[in-house]
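**Student:** coordinates only, no sequence provided:
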């Protein structure tokens, strides 16, 4: 028995998978943010009960958690100390020396995770070719450690200049530090992020150190409680943002990797679906209560980025800006503050805006009747007829159309001089425009033509917006998978165990450097193989995926090029070069095969492949869809040509009444427990044998 | 303003799309450029204009580029009648006197965008190239030239492409004059690719919505920005507000240079702002001069930051603002004045404007900041240093304190926001070693709210290299407000091998550093806000604990006496020093 548990800000999603019966049981319950393990355990027990199983029979638990993201957003981290090369105490304070907003005289920066007084300078210096310029001053190091210990520091980061080339001084410091700190609370930059650019490397290491005690304690509590409920056989894995999972113990050594752990799982599920349905190019689109996320999938593989900031609140160009940089190959997701709970408002110039503020689960949208007075996206759905007032969370939550109407009237329609439904349609138009921006950023801005893509839409609200977004992007095909509201949990069941290794060495990619490249590559492989040996048992399949970060000599941003092969040869160099020129042309519209190309990093992803669940097929339709299975609801649609809305009688189907082979012509609404799909008038819907809704136009 | 009805929702959708295009152009440019200035420090901007040349959307990474964008379109409108422009044309320029630029290294490209042979708008980008020729590597940025001719190659507006055809003679004439030709070609390629992307997107947008709807929407966007700005101006008490400040010198003589402004806040008819710089000193011999577009950028920056940070910067935003600047003055210099160090003057203009507004908007302004755009330029040639290179770094400094906040430490303020180059990138690429990079203790101006700390960077030459620089506030300290004291000035100290440390000027061109010589550059701290006597003693203690101030500074500047060794306040002694200010609560044990 396998259980996937995805803790989110509002809801905790649980999927129980019985491998023998090949059956899935889904459950969605409210989260318990102060003590996330409570909802975790309650959900686990409830779903086990429904599945008529016992905790003792569970063999594997895979967990996605917002613990780390929340701790960083709320600055709720442990007292952290930092040791740096003498002369560079202010690396964190200065950062990249820019301010997060250009035109705000009252601007503030996020305070560093380590206050200045807990940063100690240690005399030592390594040069740009890895040679020691100044030996490590051990007595000074010991004094600094003692001082931090006396100050009550709980957890420690060490980051020296050029340690990615020569980690000796950091390693020595790590040994000295064990006198004062538990090993599980000591983090070296040469281990956490052995790449060049000292600020980003230091920041990554500090993030790891600052959240480590929290992660360690959380997992301890979780293991204890699991034992108490008799779930003692289960092996626990934590999802990381690199799209893989790590055994709980390993996760405590790489806690910075747990950021965005749930959303990354969504992309893993999307990638699996792309492979299953043989879709070469997919845009995965996830819309929840607060944020919308998008990412692309090629040939069943998600894309990765190393350029990420966590805990920032400013979104610029689709990137989270003004937070703490964390560098490691994460699944590339672009986010914006657009969800079903997003609040609509009017700015000083009389323009309608939606988000990024969300009404959350409490007080929630006005129509929840929990005291919320703001007009939200959910209220707009209700006014336009997309939502059935008694169908939210399978009827567990009743919606109040009168309250939705009042909020939209007071806050939007009246000030803008529009009708209520016109205002509601305006809210949806604006939020779609916001979400189109992230869809453009992951496709057009990277040189991909969205018309070649299939849109895979999930999250509670994704399926409702899919048709309109696809039309705007020129996309002709949409997939709504089964359990769209719990799709990230499906990803947890599908994740492999993965770990990333990297070595920075800046050299020209040319035949002269073959032996040097080979040496670095061999070292990387040794590290990865040692890890695999430690982590996986012989019966599991493992694999190594090498890649290189390349750039034109003189540029400063790299493109990651995967390759295969055991050895660096002239052929490999030729193929890397041509792949790089091609990708550069695709991304940026120009390339020059005569320009020299540099290697910056060699990377290796180690993967232990677990068994993948086979999802139960959907029963075949024996009869055409019977008329009796549908009901009707009045909905209001925007007119194509002119302003104003038209009302139609829209057929409504229950998703669980649909069978493989059934076909429906839009307009139609497909309702299920945790989501609603809207099929726009120009679209046809086909249900496939895996239970996917396939929309085409 | 027209009263026709415009759908606010479509307007908003189109605004997002326009801004998105400008941002996409910027991402593409940064990611593929070669100059350190562009790729690491993001010294570049992209913009869209209407067919009439009005600014529609701007993705600026540093505000100073706004002026050049506006100047550029003015030039285009004057010099290139509509009939002379064709699809596939691209114009290149960098000249402050003929091309609307603000200094030579900012190379600007602009392309008219046509849909079915009708002009629908322009796309443009500006990028700061690491070298533009001239007397010294990276010299166009140095501060001690006496004529613009010394600062590099001047490119008047020229067709780089005509109807899609690359004008190789023009390109050759430009590239032949620049150092590191290969890198410059890379920069040019990156800028061209960014333009093409912008052109494609803008066309798509016009195809989607049609020319008519787009024109109506643009008008509505301009009106929207104008409306908000006028509303904000109405919130300022009407009247005249004056202020003056001084630049240290022009790099050639030691004579201070006065910047004077009178701001008239007018509520009559339509609320508007008139900035009159009459009384400012004549243009200088050295390179600290601003051309008018640089002044405009500094004024627009200040107005936006102070009054309307979140509204779109476009043609409508500019309508309520009028600028009077007599020709031949420091803030409206005439040919052939040198302009390489103009960013220091821009920063000082912003300080001066904030000083003038402080009487009207005391809660919104900040005290003077580090007041410079300290540029350190290290250049090498193969013969001299074993390698051709130019490395330009702009060092941030202290931000002035605000009404209820300390100034930020070690940060870029106002008209610039370039990032630093990682020490590890610098050392791997150039024959230089960084010995120290950090905040300067005690440099923040004391006040109830403390000015931000200045920055210092100590760099050792490992091979013979040429050093050029411009900076300011080495003499005139950043002033405080409402009883706040000034920040500490900046300084350049040279430590030649086997010699004593010595001070060198703030503006310098082509100074030879020998291997082992070290240069220490410190920037000024920001001015304080409110009397330091009123700073809560706990905050003074916190500054001491974090090492931002020393024990003696706590006592002398804030009147807070700290017990030897322990981080405790000696309350009695403090009481004697601060008879009226904020007092420590707990009695010393």
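**Tutor:** Great, that's in hand. Just so we're clear, the structure is a prediction, and the values are computed from it rather than from any experiment.

**Student:** where does the chain have low pLDDT?
**Tutor:** All of this refers to chain A. Counting by pLDDT under 70, chain A shows low-confidence ranges at A:311-322, A:361, A:391-396, A:445-447, A:537-539, A:627-628, A:640-643.

**Student:** chain B was what I was after
**Tutor:** Low-confidence segments of chain B, defined by pLDDT under 70: B:1-9, B:36-37, B:40-41, B:139-144, B:566, B:585-589.

**Student:** pop the domain breakdown of it in here.
**Tutor:** B:8-224, B:366-530, B:532-577 (automatic domain parsing).

**Student:** can you measure across the second one, start residue to end residue?
**Tutor:** Translated: domain B:366-530. From its first residue to its last, domain B:366-530 covers 11 Å (CA to CA, to the nearest Å).

**Student:** does any part of it sit near chain A?
**Tutor:** Yes - on the criterion CB under 8 Å from any CB of the partner chain, domain B:366-530 is in touch with chain A at B:366, B:395-396, B:402, B:405, B:408-413, B:417-420, B:422-425, B:427-428, B:433-439, B:455, B:458. Where you see a C-beta, it was placed from the backbone N, CA and C, and this is true even at glycine.

**Student:** what does the stretch 101-250 of chain A put close to chain B?
**Tutor:** A:101-109, A:115-117, A:127-128, A:161-162, A:196-200.

**Student:** restricted to buried residues, select these in PyMOL.
**Tutor:** The command below creates a PyMOL selection of those among these that count as buried (16 or more other CB atoms under 10 Å in any protein chain shown):
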select buried, chain A and resi 101+102+103+105+107+109+115+116+117+127+128+161+162+196+197+198+199+200
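
**Student:** which ones among the residues of the stretch 101-250 of chain A next to chain B map onto helices?
**Tutor:** Among these, DSSP state H puts A:198, A:199, A:200 in helices.

**Student:** immediately after the strand or helix carrying residue A:421, which helix or strand?
**Tutor:** Assigned by DSSP states H and E, residue A:421 falls within helix A:420-442. Per DSSP H and E, helix A:420-442 leads on to strand A:454-458 as the next helix or strand towards the C-terminus.

**Student:** check contacts around the residue of the stretch 451-589 of chain B found nearest chain A.
**Tutor:** Proximity of the stretch 451-589 of chain B to chain A (CB to the nearest CB) peaks at residue B:546, 4.1 Å away. Each residue near residue B:546 by CB atoms under 8 Å, 6 or more residues apart in numbering or on different chains is listed here: A:115, A:116, A:117.

**Student:** nearest residue to the closest residue to chain A within the stretch 1-150 of chain B other than its sequence neighbours?
**Tutor:** Closest residue of the stretch 1-150 of chain B to chain A, CB to the nearest CB: residue B:39 (3.8 Å). Nearest-residue entry for residue B:39: residue A:556, 3.8 Å, with adjacent residues in sequence omitted and distances by CB to CB, 6 or more residues apart in numbering or on different chains.

**Student:** please tell me how far the closest residue to chain B within the stretch 451-600 of chain A sits from residue B:31.
**Tutor:** Residue nearest to chain B within the stretch 451-600 of chain A (CB to the nearest CB): residue A:556, separated by 3.8 Å. Counting by CB to CB, to the nearest Å, the gap from residue A:556 to residue B:31 is 9 Å.

**Student:** what touches both of the two?
**Tutor:** Common neighbours of residue A:556 and residue B:31 are listed as residue B:39 (criterion: CB under 8 Å, 6+ apart).

**Student:** tell me the helices and strands packed up against whatever helix or strand residue A:551 lives in.
**Tutor:** Assessed by DSSP H and E, residue A:551 sits inside strand A:541-552. Packed against strand A:541-552 by the contact rule (3 or more CB pairs under 8 Å, 6 or more residues apart in numbering or on different chains; DSSP states H and E) you find helix A:514-535, strand A:559-562, helix A:570-588, strand A:597-609.

**Student:** deepest of the ones you listed, which one?
**Tutor:** Of the helices and strands packed on strand A:541-552, the one with the most neighbours on average (mean count of other CB atoms under 10 Å in any protein chain shown) is strand A:597-609, at a mean of 21.

**Student:** run me through the strand neighbours of it, direction for each.
**Tutor:** Sheet partners assigned to strand A:597-609 using DSSP bridges are listed as strand A:497-508 (antiparallel), strand A:541-552 (antiparallel).

**Student:** starting at the chain centroid, how far to the first one?
**Tutor:** Its chain's C-alpha centre and that of strand A:497-508 lie 22 Å apart, by CA atoms, centre = their mean, to the nearest Å.

**Student:** now do stretch B:378-398
**Tutor:** 20 Å.

**Student:** Provide a list of residues in contact with residue 80.
**Tutor:** Defaulting to chain A. Taking CB under 8 Å, 6+ apart as the criterion, residue A:80 is in contact with A:113, A:114, A:118, A:153, A:154, A:155, A:156, A:157, A:206, A:209, A:210.

**Student:** that's the wrong chain, I wanted chain B
**Tutor:** By CB under 8 Å, 6+ apart, the contact list for residue B:80 reads B:91, B:157.

**Student:** could you pull up phi and psi at it?
**Tutor:** Note on residue B:80: backbone dihedrals following degrees, to the nearest 10 are phi -120, psi 90.

**Student:** do the same with residue A:265
**Tutor:** Here is the backbone geometry of residue A:265 (degrees, to the nearest 10): phi -60, psi -40.

**Student:** my guess is it meets residue A:496, correct?
**Tutor:** No - here residue A:265 lies out of contact with residue A:496, judged by CB atoms under 8 Å, at a distance of 11.7 Å.

**Student:** and these two? Which one has more around it.
**Tutor:** Per other CB atoms under 10 Å in any protein chain shown, whichever of residue A:265 and residue A:496 has more neighbours is residue A:265, with 32 against 19.

**Student:** what sits closest to the more buried one if chain neighbours are left out?
**Tutor:** Once flanking residues are discounted, residue A:265 sits nearest to residue A:491: 3.4 Å by CB to CB, 6+ apart.

**Student:** secondary structure element for the one you found?
**Tutor:** helix A:487-494.

**Student:** number of nearby residues for residue 201?
**Tutor:** If you meant another chain, say so; for now it's chain A. Residue A:201: 27 surrounding residues under other CB under 10 Å.

**Student:** that's the other chain; I wanted chain B
**Tutor:** Look at residue B:201: counted by other CB under 10 Å, it has 23 neighbours.

**Student:** nearest residue to it in space, please, no chain neighbours.
**Tutor:** Nearest residue to residue B:201, sequence neighbours excluded (CB to CB, 6+ apart): residue B:21, at 4.3 Å.

**Student:** check for me that the one you found belongs to a helix.
**Tutor:** Yes - counting by DSSP: H, G, I helix; E, B strand; the rest coil, one finds residue B:21 located in a helix.

**Student:** for residue 427, give me its contacts.
**Tutor:** Using chain A. Applying CB under 8 Å, 6+ apart, we find residue A:427 in contact with A:344, A:352, A:354, A:375, A:377, A:379, A:380, A:408, A:412.

**Student:** wrong chain, I was asking about chain B
**Tutor:** By CB under 8 Å, 6+ apart, the contact set of residue B:427 is A:127, A:128, A:162, B:433, B:434.

**Student:** repeat that for residue A:619.
**Tutor:** Residue A:619 sits next to A:659, A:660 when contact means CB under 8 Å, 6+ apart.

**Student:** in the sheet, who's paired with the residue nearest to residue A:357 when sequence neighbours are not counted?
**Tutor:** Spatial nearest neighbour of residue A:357, chain neighbours left out: residue A:343 (4.7 Å); criterion: CB to CB, 6+ apart. Judged by DSSP bridges, the bridge partners of residue A:343 are residue A:376.

**Student:** next one: residue A:343 from residue A:428, what distance?
**Tutor:** Using CB to CB, residue A:343 is found at 14 Å from residue A:428.

**Student:** nice, that's everything, thank you.
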